[in-house]
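Student: Structure here, sequence nowhere to be found:
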């Protein structure tokens, strides 16, 4: 059976897109760029000083390497940023200085059509990736919220779709309210079906299953479920469900016997960022799962964050996913 990564790579190759990597000083990024070029899955733009990138010793023939500290393209990006933000009080001098930030410079390359997608965050915090995304790229038409997911591939796992899941939201929304949770659930269902090509079965997770505990936290999930069903009745979404009820058929038969999702969920929507971030990292480390992401959803262009603990293989996976997202844009 093809792995998720191999499927993404094959799809990326079929309609090659240009992906910008702003962190040309990070060897994991350069190793992933080398692999992406070798496999022909994307055109690669690297932000960094050409001589410093070359000194790292990676085979990057075919990559475009852009120095954000000087040159005509820096000037062009600064002018474009000024035009975007002058009504917010940004001066030409401030716009020029902002291009010293590789994440802002890379985001402007995406905004101005020099790239189709962006992958960053190997050496930047999530906020440093999302801030330029929200200021420059902004939300997609019809989207109320930017959120994220991880694609989790758990080896030797009988649950989900042969061990493949999406976990959301593991990186962006810290304390989502019921409206936010409903948006996350619907967006992740759409992302699952677009990327995985299979029916999404979405579990709204809680410490309660079907009213076994009643408190403010469980009520938030109940309200989120009602909103999600109203917004997108075409998706199989259910809750509130404990994690074992969402995943294990025998437990589901006891705790939620009439659920269309319990016991077979492949999308897990966590009630807050604490639970989601802890959950994905436990599965990644203890179950030796592959964790691809965080992948953003709801932005006007594909721009994805990386965990600062990522490997080059993780980066390659996110490059492939971003390229496939760009095909859908």
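Tutor: Here it is on my side, so go on. Treat the numbers as computed from the prediction; the structure is a model and nothing was measured. Numbering: from 1, shown residues only.

Student: could you pull out the strands for the stretch 1-150 of the chain?
Tutor: Assigned strands in the stretch 1-150 of the chain, in chain order: 17-21, 42-47, 64-66, 117-120, 147-153 (criterion: DSSP state E, counting those that start in this stretch).

Student: Let's have these in CSV, adding mean pLDDT.
Tutor: Formatted as CSV, the strands of the stretch 1-150 of the chain follow (pLDDT from 0 to 100):
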stretch, mean pLDDT
strand 17-21, 97
strand 42-47, 96
strand 64-66, 95
strand 117-120, 95
strand 147-153, 92
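
Student: Please identify the most buried of these.
Tutor: Greatest average neighbour count among the strands of the stretch 1-150 of the chain goes to strand 117-120 (a mean of 29), per mean count of other C-beta atoms under 10 Å. Just so you know, the C-beta spots here come from the backbone N, C-alpha and C atoms, and that holds for glycine as well.

Student: what sits up against it?
Tutor: 17-23, 102-103, 106-107, 109-110, 129, 301-306, 315, 318-319, 322-323, 325-326 (C-beta atoms under 8 Å, 6 or more residues apart in numbering).

Student: run the last query once more with 6 Å
Tutor: The contact list for strand 117-120 (C-beta atoms under 6 Å, 6 or more residues apart in numbering) reads 19-23, 103, 106, 110, 129, 302-304, 318-319, 322, 326.

Student: Show me the one of the strands of the stretch 1-150 of the chain that comes nearest residue 54.
Tutor: Minimum separation from residue 54 across these (C-beta to C-beta) falls at strand 64-66, 8.1 Å.

Student: Which elements pack onto that closest one?
Tutor: Other helices and strands packing on strand 64-66, by 3 or more C-beta pairs under 6 Å, 6 or more residues apart in numbering; DSSP states H and E, are strand 42-47.

Student: does the most centrally placed residue in the chain sit in a helix, a strand or a coil?
Tutor: Nearest to the mean C-alpha position of the chain, counting by C-alpha atoms, centre = their mean, stands residue 295 at 0.6 Å. Three-state call for residue 295 (DSSP: H, G, I helix; E, B strand; the rest coil): strand.

Student: could we number from 4 for the rest of this?
Tutor: Sure, I'll start counting at 4 from here, so that last one is residue 298.

Student: Bridge partners for it, pull those for me.
Tutor: Following DSSP bridges, residue 298 is listed with bridge partners residue 152.

Student: Residue 240 now?
Tutor: Assigned bridge partners for residue 240, using DSSP bridges, are residue 205.

Student: contacting residues around it?
Tutor: With C-beta under 6 Å, 6+ apart, residue 240 has these contacts: 188, 205, 231.

Student: List just the nearest of those residues to residue 139.
Tutor: Out of the contacts of residue 240, the member with the shortest distance to residue 139 (by C-beta to C-beta) is residue 188, at 27.1 Å.

Student: Hey, what's the angle from the helix or strand in which the closest one is found to strand 150-156? Just curious.
Tutor: Element membership for residue 188, per DSSP states H and E: helix 181-199. Here helix 181-199 runs at an angle of 40 degrees relative to strand 150-156 (axes from the mean of the first three to the mean of the last three C-alpha atoms, to 10 degrees).

Student: for helix 181-199, packing partners?
Tutor: Using 3+ C-beta pairs under 6 Å, 6+ apart, helix 181-199 is in contact with strand 150-156, strand 167-171, helix 219-234, strand 270-272.

Student: among those, which is nearest residue 313?
Tutor: For these, proximity to residue 313 was assessed by C-beta to C-beta; strand 150-156 is nearest, at 11.4 Å.

Student: Could you list the low-confidence segments of the stretch 154-303 of the chain?
Tutor: Within the stretch 154-303 of the chain, not a single segment meets pLDDT under 70.

Student: change it to 80
Tutor: Residues of the stretch 154-303 of the chain meeting the criterion pLDDT under 80: 296.

Student: Please name the nearest non-neighbouring residue to residue 105.
Tutor: residue 25 (4.2 Å; C-beta to C-beta, 6 or more residues apart in numbering).

Student: Tell me where the stretch 204-332 of the chain has helices.
Tutor: 219-234, 246-250, 252-258, 276-289, 315-331 (DSSP state H, counting those that start in this stretch).

Student: and those helices as JSON lines, adding mean neighbour count?
Tutor: Listed next are the helices of the stretch 204-332 of the chain as JSON lines, based on neighbours: other C-beta atoms under 10 Å:
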{"stretch": "helix 219-234", "mean neighbour count": "18"}
{"stretch": "helix 246-250", "mean neighbour count": "23"}
{"stretch": "helix 252-258", "mean neighbour count": "16"}
{"stretch": "helix 276-289", "mean neighbour count": "16"}
{"stretch": "helix 315-331", "mean neighbour count": "23"}
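
Student: Make a markdown table out of those and add distance to residue 163.
Tutor: Formatted as a markdown table, these follow (distance: least, C-beta to C-beta, whole Å):
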| stretch | distance to residue 163 |
| --- | --- |
| helix 219-234 | 19 |
| helix 246-250 | 7 |
| helix 252-258 | 12 |
| helix 276-289 | 11 |
| helix 315-331 | 17 |
